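[1] Let me see the structure of the following:
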Amino acid sequence: MRKIAALMLLCMLILTACSNIGKTLTFSGTGPNWEVIVTSVIQSRNSEAIRYLGGDSAPESISYVIEGGPGTLKGNQALDKGVLNHSGTACRGCLVTQEDDKLHAEITWGDKTEKIDLIRR
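    This next block holds a predicted model:
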C-alpha cells in the first residue's frame, strides 16, 4: 500500500511540474534610463524588448545581461531609435522555467551601467 501511495505522489509531482510547459509569462521593470520587458514561453522561447528612456540621445548600442531561473540571456546589440527588440531566442538553459522565477537585468552603454529588477506581470 505504501508503494502505491508513493508511486501516486511521484506521478502527481511529475504531472504538476510539466503543467506549466508552454505557458507564456511576462516580466518587466523600469529604471531611470531603461525599460525592459521579457516574454518567456516556459521551456520554449524567450523574447526581450529594451527601450531607452533617458534624457540624452539614445546610445547606438548596448550590452545587456538578463538573469533568472537557471538561465541567462546576454548580448551586444545595436539599437533602432533607442529600442532593442529581440525575439525567438531558443530555450537553451531556459531563462524562465517557473512562474515565481526572479529576473534581473543589467544594461551597459558607454561608461554607464543600470540594474533593473524585473517583476512578473
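[2] Only C-alpha atoms from now on, for both contacts and neighbour counts.
    Will do.
[3] For the residue positioned nearest the centre of the chain, grab phi and psi.
    In the chain, the C-alpha nearest the mean C-alpha coordinate belongs to residue 38, at 4.6 Å (CA atoms, centre = their mean). With angles defined as degrees, to the nearest 10, residue 38 sits at phi -120, psi 130.
[4] From residue 55, how far out is it?
    Using CA to CA, to the nearest Å, one gets 23 Å for the distance from residue 38 to residue 55.
[5] can you check residue 115 too?
    Counting by CA to CA, the separation of residue 115 from residue 55 is 18 Å.
[6] now residue 79
    Distance of residue 79 to residue 55, given as CA to CA: 16 Å.
[7] In the helix or strand hosting residue 49, which residues are buried?
    Residue 49 is part of strand 45-52 when elements are defined by DSSP states H and E. Across strand 45-52, burial judged by 16 or more other CA atoms under 10 Å covers 45, 46, 47, 48, 50, 51, 52.
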